[in-house]
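Asker: What would the 3D arrangement of this be:
(3 chains)
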Amino acid sequence: MMSTAESMADRIDTSYFDLRHTFESAQPLTFHADAEIEKGYMRYSTYDDVLQLRFFGDSRSGSIHMKSLAGMPEHCVEKEVVRRFRLNDDLPKIYKMINTDNAIGNATRHFHGMRLTLNDPWEATLCFIVSQFNNVKRIRLIVRKLIATYGMEIKDKEGRVIGKAFPRSEDLAGATEKELMECGTGFRGRYIASAAKFCTNNLDLYKLNAKDYDSLMENLMEIDGVGEKVADCVALMGYGNLRAFPIDVWVKRTLEKMYFNGKDKNIKYLKEFAQERWGDYAGYAQQYIFWHGREIMKK
DNA sequence: ACCCAGGCGGGCG
DNA sequence: CGCCCGCATGGG
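Answerer: Residues are numbered from 1 along each chain as shown, chains lettered A, B, ... in the order given. Purely as a prediction, here's the structure:
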C-alpha cells in the first residue's frame, strides 16, 4: 500500500507561512516570480523547470500544492520548495529569540509568517547589484528584462517553451556594459558586466558555501559593485547565513527610530548593535525591520 | 519641476 | 580610516 508521505508528495502542510508577506518582501525570488496573492497562486522558474504553487489556508495553518511543468519528480519538487522558502526553519522559536522588545514584536506580529527565501548565490548577487540606489518596482522591471534577454529557454517534455531561467554569470559574461544598460540597468551596467566576468572566470560562488561569515563577506566584496550591504544581502539570501544583517536606508532609519530616538548612528555601530542583540537570527530580524520600517515610515 | 530609491567606488582631508 | 560626491532611470 502506498505510504501517506508518497501520496501527499505534491502537497506540503505549512504553519507560520504567509504568501503575501513573503512575496511582497523584496527578496530575489520575488523580483521575478509571478504571484496572484488573492488566489493563493504563485509560479517561478528553477534552472530547468517551472513550478506552479497554490497556497491554501492562512499564516497559522495552511498547505502548498505543487506542480512541475517540465516533469521534475515530485519528491524533488517538494525538496526544492522546502529549501527555497526555508520551510524547515523553526519560526516560532526564531520569533521567540528575536522578539527582544515591543518594537520588533510589532513587526513580527504584523508580518506573521513572512519567510526568508534561499536563492542561488549568483541570482542573489545580480539582484542586489541591481537593487543599489534603486526602488523595488524598478528592480523587478530590470531583473525581468535581464531574464528575458539573457535567460536560457526552459522547455517541457513536448519541447514547448514554458519559461526562461535566471541568467547564469556565463550567460551574461559576453554582454557589454552598453548592452546591459539597454535592460534599464543604468550605471549598474558596468558593475554587472564586471561581476559576470569575474564570477565566471575568477571567483566560483558555488565554492563559498562552507565559508564562515567573515571570509564569505570578504570574498563577495572582491566583486566590483559589491560592497558591504550587497554582500550582506547575498550572505543572507544567497547562502542562508542568518547572522548577516544588511543595513539599507530603510533599516538604518527604522533602527534609529526604534532604538535611538531618531538620532543618527553609523552603519558599523548599528550592525554591531543588531548582531549583538539578535545574534544567530539577526538576518530574520533585519527582514522584519526592513519591511515594517517601510510600512510605518512611508507617508 | 523636484525628490527619492534595499549603495558603490573613488577622491579628498 | 571617515566623509562626500556623482552616478542612470523612472515613478510619485
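Asker: Give me the buried positions along the helix or strand harbouring A:I192.
Answerer: With elements taken from DSSP states H and E, the one containing A:I192 is helix A:188-201. In terms of neighbour count (16 or more other Cβ atoms under 10 Å), helix A:188-201 has its buried residues at A:188-200. In short, each C-beta sits where N, CA and C put it, glycine included.
Asker: Of all pairs in the residues you listed, which one is the farthest apart?
Answerer: Comparing all pairs in the buried residues of helix A:188-201 by Cβ to Cβ, the longest separation belongs to A:R188 and A:T200, at 17.8 Å.
Asker: Quick one: name the residues of chain A near DNA strand C.
Answerer: Counting by Cβ under 7 Å from any atom of the strand, chain A comes close to DNA strand C at A:133-135, A:137-138, A:141, A:181, A:184, A:186-187, A:190, A:266, A:268.
Asker: Apply 10 Å and report the result again.
Answerer: A:132-135, A:137-138, A:141-142, A:177-178, A:180-190, A:264, A:266-269, A:298-299 (Cβ under 10 Å from any atom of the strand).
Asker: Can you tell me which of those residues are buried?
Answerer: For those, buried by 16+ other Cβ under 10 Å: A:132, A:141-142, A:180-181, A:183-185, A:188-190.
Asker: where's the residue of the stretch 101-250 of chain A found nearest DNA strand B relative to A:V136, distance?
Answerer: Closest residue of the stretch 101-250 of chain A to DNA strand B, Cβ to the nearest atom of the strand: A:G227 (2.6 Å). Between A:G227 and A:V136 the computed distance is 19 Å (Cβ to Cβ, to the nearest Å).
Asker: got it, and A:T14?
Answerer: In terms of Cβ to Cβ, A:T14 sits 25 Å off from A:V136.
Asker: Looking at the two, which is more packed in?
Answerer: A:T14 (23 against 14; other Cβ atoms under 10 Å).
Asker: okay, now the domains of chain A?
Answerer: A:5-87, A:92-111+A:245-299, A:121-237 (automatic domain parsing).
Asker: Could you list the low-confidence segments of chain A?
Answerer: Applying pLDDT under 70 to chain A picks out residues A:1-9, A:299.
Asker: All the strands of it, residue numbers only.
Answerer: A:11-14, A:34-36, A:41-45, A:50-57, A:62-68, A:153-155, A:161-164 (DSSP state E).
Asker: May I see the buried residues of the longest one?
Answerer: Residues A:50-51, A:53-55, A:57 are the ones in strand A:50-57 that count as buried (16+ other Cβ under 10 Å).
Asker: what's the most distant pair in those?
Answerer: The widest separation within the buried residues of strand A:50-57 (Cβ to Cβ) is 23.5 Å, between A:V50 and A:G57.
Asker: A:D171 and A:Y150 touch, don't they?
Answerer: Yes. Using Cβ atoms under 8 Å, A:D171 is in contact with A:Y150, at 4.9 Å.
Asker: which residues of the stretch 51-200 of chain A fall in helices?
Answerer: Per DSSP state H, counting those that start in this stretch, the stretch 51-200 of chain A carries helices over the ranges A:74-84, A:91-98, A:102-110, A:121-131, A:136-150, A:169-172, A:177-181, A:188-201.
Asker: can I get the ones you listed in TSV with distance to DNA strand B?
Answerer: Formatted as TSV, those follow (distance: least, Cβ to the nearest atom of the strand, whole Å):
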stretch	distance to DNA strand B
helix A:74-84	15
helix A:91-98	15
helix A:102-110	13
helix A:121-131	4
helix A:136-150	4
helix A:169-172	16
helix A:177-181	14
helix A:188-201	7
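Asker: what's the distance between A:A26 and DNA strand C?
Answerer: Distance check for A:A26 against DNA strand C: by Cβ to the nearest atom of the strand, to the nearest Å, it reads 15 Å.
Asker: Which residue comes closest to that residue once chain neighbours are left out?
Answerer: A:V136 (4.9 Å; Cβ to Cβ, 6 or more residues apart in numbering).
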